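Undergrad: Fold the following.
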Amino acid sequence: MVEGGAAGAIPKPLVRTGRGEPLLLLHGVLLTWQSWIPVIDDLATDHEILAPTLPGHYGGPEPARPVTVAALADFAEALLDEAGWPTAHMVGNSLGGWLALELAARGRARSVTAIAPAGLWRTPQAADALLRKFLVFGPVVGISTDQPPAMPTMLRSLLLPLLAHRPAAVPNQLAKAMAAAVTRCTITTDLTRDPLLPTGFTALESLTTPVTILLPQHDRILPAHLYPTLPTTPTLDVRPLTGVGHVPMLEAPTRIIAEVRATLTRAAGRQSA
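TA: Numbers count the residues shown, from 1 in each chain. Purely as a prediction, here's the structure:
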């Protein structure tokens with residue numbers, strides 16, 4: 001059973017567990033691989049899981065500067081190489097969803113499940129609006145500032161409603177881990193200065209691997225109005241996720257497991273056709 005480690009301990013930089021087809025899990029900005037704890041054990045019953053913490057995030061490797069989305073995709077691709085995985089199934093949340101799509105465009109993905117992916121902006125102005133919101137909220141919880149963060153209990157009360165529609169459904173230890181991670185991410189300023197941030201990911205319709213995009217109904221980080229109208233094609237499936245927030249595996253792991261497995265089944269069907 002994968003655990004997050006002792007309370008207060010720095011999380012390990014990555015988890016590799018399970019047996020079967022390779023599956024890469026990519027977390028969102030500010031968080032760590034621990035955001036996948038609710039789903040790892042189930043997925044590891046028939047997949048080999050690699051769940052890293054991205055550079056500059058709590059417990060992750062030191063980043064090379066400047067940090068950009070492309071550089072983080074390079075890091076993830078290097079992990080695939082080190083693992084001996086020419087390709088892998090990929091599940092990404094938020095920034096991790098964008099990275100999974102980038103890796104698919106590089107030919108490294110067997111399938112992608114992108115949960116509330118960043119980078120699919122309706123317009124560059126939508127990306128600017130998100131950035132402004134982040135710059136206002138960040139200092140409140142000690143992100144991108146030299147000021148000490150809010151008290152732990154207060155921080156969790158501010159943070160959890162942004163991550164989960166039902167904060168009470170998030171186990172206490174997991175909530176503590178998410179709050180600890182947020183104030184220890186060191187690359188937020190770099191990412192806000194990435195010149196390609198307003199452009200986002202533009203190769204969605206050219207992807208040939210099965211892609212599922214899941215849009216949480218109560219996403220307070222990337223609400224629906226930031227996204228363009230996304231087409232449904234033979235390889236692209238776009239669906240809402242009702243009743244959940246931006247990091248839905250925290251509050252509804254069984255539903256996320258089912259969605260990931262549905263994408264994996266769709267990919268297997270294409271391979272056998």
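Undergrad: mind checking the SS state of Leu25?
TA: Secondary structure for Leu25, judged by DSSP: H, G, I helix; E, B strand; the rest coil, is strand.
Undergrad: if I look at it, how far off is Pro86?
TA: Per CB to CB, to the nearest Å, Leu25 is found 18 Å from Pro86. No exception for glycine: its C-beta is placed from N, CA and C like everyone else's.
Undergrad: neighbour-wise, which of those two wins?
TA: Legend: neighbour count by other CB atoms under 10 Å for Leu25 and Pro86, higher for Leu25 (28 against 11).
Undergrad: Share the number of residues neighbouring the residue lying closest to that one once chain neighbours are set aside, please.
TA: Leaving aside its sequence neighbours, Leu25 sits nearest to Ala51 (CB to CB, 6 or more residues apart in numbering; 4.1 Å). The number of residues packed around Ala51, counting by other CB under 10 Å, is 26.
Undergrad: go on, Ser35?
TA: Other residues within reach of Ser35, judged by other CB under 10 Å, total 26.
Undergrad: got it, and Leu79?
TA: 17.
Undergrad: can you tell me which residues contact it?
TA: By CB atoms under 8 Å, 6 or more residues apart in numbering, the contact list for Leu79 reads Leu14, Leu24, Leu50, Pro52.
Undergrad: Could you provide those in a markdown table, with additional columns for pLDDT and distance to Val112?
TA: As requested, those are exported to a markdown table (pLDDT from 0 to 100; distance: CB to CB, whole Å):
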| residue | pLDDT | distance to Val112 |
| --- | --- | --- |
| Leu14 | 96 | 20 |
| Leu24 | 98 | 10 |
| Leu50 | 98 | 15 |
| Pro52 | 98 | 17 |
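Undergrad: got the residue ranges for the strands in this protein?
TA: 14-17, 21-26, 47-52, 88-93, 109-115, 211-216, 236-241 (DSSP state E).
Undergrad: Among these, show me which one is buried the most.
TA: strand 88-93 (a mean of 29; mean count of other CB atoms under 10 Å).
Undergrad: Report the inter-axis angle for it versus strand 109-115.
TA: Orientation of strand 88-93 against strand 109-115 (axes from the mean of the first three to the mean of the last three CA atoms, to 10 degrees) gives an angle of 10 degrees.
Undergrad: partner strands of strand 88-93, parallel or antiparallel?
TA: Strands adjacent to strand 88-93 in the sheet, as given by DSSP bridges, are strand 21-26 (parallel), strand 109-115 (parallel).
Undergrad: low pLDDT regions in the stretch 151-273 of the chain?
TA: Residue ranges of the stretch 151-273 of the chain with pLDDT under 70: 151-152, 154-155, 272-273.
Undergrad: make it 90
TA: Applying pLDDT under 90 to the stretch 151-273 of the chain flags the ranges 151-159, 179-193, 205, 225, 231-234, 269-273.
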